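Colleague: How does the following fold in three dimensions:
(one chain, ligands or ions: 2)
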Amino acid sequence: MKSSLEETLLSAIRTIPDYPRPGILFRDITTLLGNARAFRRAVDELVHPYAGAKIDKIAGIEARGFILGGAVAHQLSSGFVPIRKKGKLPHETVRVAYSLEYGLDEMEMHVDAVAAGEKVILVDDLIATGGTAEGAVRLLRQMGAQVVAACFVIDLPDLGGRARLEAMGVEVRTLIAFEGD
Ligand SMILES: O=P(O)(O)OC[C@H]1O[C@H](OP(=O)(O)OP(=O)(O)O)[C@H](O)[C@@H]1O
Ligand SMILES: Nc1ncnc2[nH]cnc12
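Modeller: Ligands and ions are numbered 1, 2, ... in the order given. Take a look at the predicted model:
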């Protein structure tokens, strides 16, 4: 049986078939973001395990990870680190190539965005293959950050992202899953 949290979040997410490519079931969180109760519950649940912990920074992955990560950073009184698609950050960066469910890209982070030893939580809306999150963890670790956890609203477990991150020694937290994607 689904919890009320799962019901609230699952019913607030819209599914668009064949976007951005044929065969992809796109899990659209814009409907969740526009639903005040669902948005608050999602952010509260992401924050809950870390209330009272000293987390130096939340790293959010462009673009959807900025919305959730910014809200989480505010609630935990942490700094925020934007991890962006290549060419968007103005200062010196570290860069990594990655693949995701429907493409290939490169992402960057400022070299001074985290200090060695800082405790960082990675936040994004969704984990599918885990390629995007793996790239972000690599950038954070390259600069010496301690990645305490990676947190997502949505897991697509059939695509293996959680297992991929756990194999890197990253604790993964997700709120709901869509199976069969
Ligand atoms: O686990 P993966 O297979 O790597 O896929 C997950 C990533 O895909 C989506 O981002 P997208 O690149 O579509 O960017 P957007 O947030 O700018 O729409 C999503 O927000 C994750 O970052
Ligand atoms: N199926 C999906 N829906 C929304 N965002 C995604 N990112 C990767 N796969 C996705």
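
Colleague: Next, count neighbours for R27.
Modeller: Residues within reach of R27, counting by other CB atoms under 10 Å, total 20. The C-beta positions use only the backbone N, C-alpha and C, and glycine is treated the same way.

Colleague: List the beta-bridge partners for it.
Modeller: Taking DSSP bridges as the rule, R27 bridges to T15.

Colleague: Go ahead and confirm it touches L126.
Modeller: Yes. Between R27 and L126 a contact is recorded at 6.0 Å, counting by CB atoms under 8 Å.

Colleague: Any chance you could list residues touching both of the two?
Modeller: Counting by CB atoms under 8 Å, 6 or more residues apart in numbering, the shared contacts of R27 and L126 are 154, 156.

Colleague: tell me which residues form a beta bridge with the residue most central in space within the chain?
Modeller: Closest to where the C-alpha atoms of the chain average out (CA atoms, centre = their mean) is D124, at 1.6 Å. As for beta bridges, D124 partners with F152 under DSSP bridges.

Colleague: Please report the distance of it from ligand 1.
Modeller: Counting by CB to the nearest ligand atom, to the nearest Å, the gap from D124 to ligand 1 is 5 Å.

Colleague: mind checking pLDDT for that residue?
Modeller: Here the pLDDT value assigned to D124 is 98.

Colleague: quick thing: my sequence starts at 513, can you match it?
Modeller: All right, first residue 513 from here; so that's D636.

Colleague: quick one: it from F578, how far?
Modeller: 9 Å (CB to CB, to the nearest Å).

Colleague: can you list residues touching both of the two?
Modeller: Common neighbours of D636 and F578 (CB under 8 Å, 6+ apart) are G572.

Colleague: State the pLDDT value of the nearest residue to I567 once chain neighbours are set aside.
Modeller: Once flanking residues are discounted, I567 sits nearest to S590: 4.7 Å by CB to CB, 6 or more residues apart in numbering. We have a pLDDT of 98 for S590.

Colleague: got the contact list for S590?
Modeller: 567-570, 584, 633.

Colleague: same deal with D556?
Modeller: Q587 are the contacts of D556 under CB under 8 Å, 6+ apart.

Colleague: Dump the helix or strand hosting it to CSV, keeping only the CA atoms.
Modeller: Taking DSSP states H and E as the definition, D556 sits inside helix 548-559. Presented in CSV, the C-alpha positions along helix 548-559 are these (Å, rounded to 0.1, in the frame of the first residue of the first chain):
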residue,chain,number,x,y,z
ALA,A,548,2.0,24.1,-3.2
ARG,A,549,1.2,21.2,-0.9
ALA,A,550,3.1,18.6,-3.0
PHE,A,551,6.1,20.9,-3.5
ARG,A,552,6.3,21.6,0.3
ARG,A,553,6.0,17.9,1.1
ALA,A,554,8.7,16.9,-1.4
VAL,A,555,11.1,19.5,0.0
ASP,A,556,10.3,18.7,3.6
GLU,A,557,10.9,15.0,3.0
LEU,A,558,14.2,15.7,1.3
VAL,A,559,15.3,17.8,4.2
